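>>> coordinates only, no sequence provided:
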């Protein structure tokens, strides 16, 4: 990828940027659509930016209107994408609802333990009782055959229809803030009203994940569409980075989802 493009993103995003360049080139060379695995919000933002720069069409879907994890479809001028092109399937977790409680981390851990990568899975949804998993259609049969417990709870996955999609239990709350920096510890502290010292402790204790990946760097600089998960607290998404205040603080918009 062009160095002029790379300078607008973080160094560790280079491999993903190269992958996008490959997908775009494939569409141009073969004149056909190219479908990706699931992308997290930051990756969706990068893909959108680079597709626009390359004058390439791209559409996204994760199975529902407010999906966090979405598949990207890069496509040439002649193509009209349809929802079926994204090849996603909705699955329900069958478990003894009256006698057991499940958690997002248990379900995700079980699915990853079944030998698949995070990028194969879309959102994991619940209304407080029903749990559903969105995944790539080609992986549904494999997951059905692999999963018989979630944690210690006897469970199985079954495919279900999209008209049974649950309304998620929690909603993101948007709030503005003025920050001295976009450091991870600063974002965590601001989002959950903690001291920076406490936020730093949580990060260094391994209780914080950035875009679903482990991180123990309090000074890591965040950017638009990054999602931070803090065990026991919830999640924060950096939605917007604006201008600076008179005191040279950075105006941001955060979306916070508290446990």
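Everything's here; your move. The shown structure was predicted, so the numbers you read here are calculated from the model rather than taken from an experiment. Residues are numbered from 1 along each chain as shown.
>>> I'd like to know how many residues surround residue 179.
For residue 179, the count of nearby residues is 18 (other Cβ atoms under 10 Å). For glycine as for every other residue, the C-beta is placed from the backbone atoms N, C-alpha and C.
>>> which of the three states applies to the closest residue to residue 56 other than its chain neighbours?
Spatial nearest neighbour of residue 56, excluding adjacent residues (Cβ to Cβ, 6 or more residues apart in numbering): residue 24 at 5.1 Å. Put simply, residue 24 is helix when judged by DSSP: H, G, I helix; E, B strand; the rest coil.
>>> does residue 24 touch residue 50 like I think?
Yes. Counting by Cβ atoms under 8 Å, residue 24 touches residue 50, with 7.2 Å between them.
>>> hang on, the earlier thing: OK, contacts around the residue nearest to residue 56?
Taking Cβ atoms under 8 Å, 6 or more residues apart in numbering as the contact definition, residue 24 lies against 50-51, 54, 56, 74.
>>> so what's residue 154 up against?
95-96, 148.
>>> of the residues you listed, which is the most crowded?
Busiest of the contacts of residue 154 [other Cβ under 10 Å] is residue 95, holding 19 neighbours.
>>> what's the separation between the closest residue in space to it that isn't next to it in sequence and residue 94?
Leaving aside its sequence neighbours, residue 95 sits nearest to residue 155 (Cβ to Cβ, 6+ apart; 4.0 Å). To residue 94, residue 155 is 6 Å away according to Cβ to Cβ, to the nearest Å.
>>> which of these two has more neighbours?
residue 155 (20 against 14).
>>> how far away is that one from residue 111?
11 Å.
>>> overlap of the contact sets of those two?
residue 147.
>>> returning to that earlier point: for the residue nearest to residue 95, list the residues it contacts.
93-95, 102, 147-149.
>>> checking residue 236 next. Helix, strand or coil?
Applying three-state DSSP: residue 236 is strand.
>>> how about it, nearest residue that isn't a chain neighbour?
Per Cβ to Cβ, 6+ apart, closest to residue 236 is residue 191, 3.8 Å.
>>> was I right about the one you found contacting residue 254?
Yes. Using Cβ under 8 Å, residue 191 is in contact with residue 254, at 5.5 Å.
>>> the two: which is more packed in?
With neighbours defined as other Cβ under 10 Å, residue 191 and residue 254 compare such that residue 191 has more, 24 against 20.
>>> so the more buried one versus residue 137, what's the distance?
Taking Cβ to Cβ, one finds residue 191 at 35 Å from residue 137.
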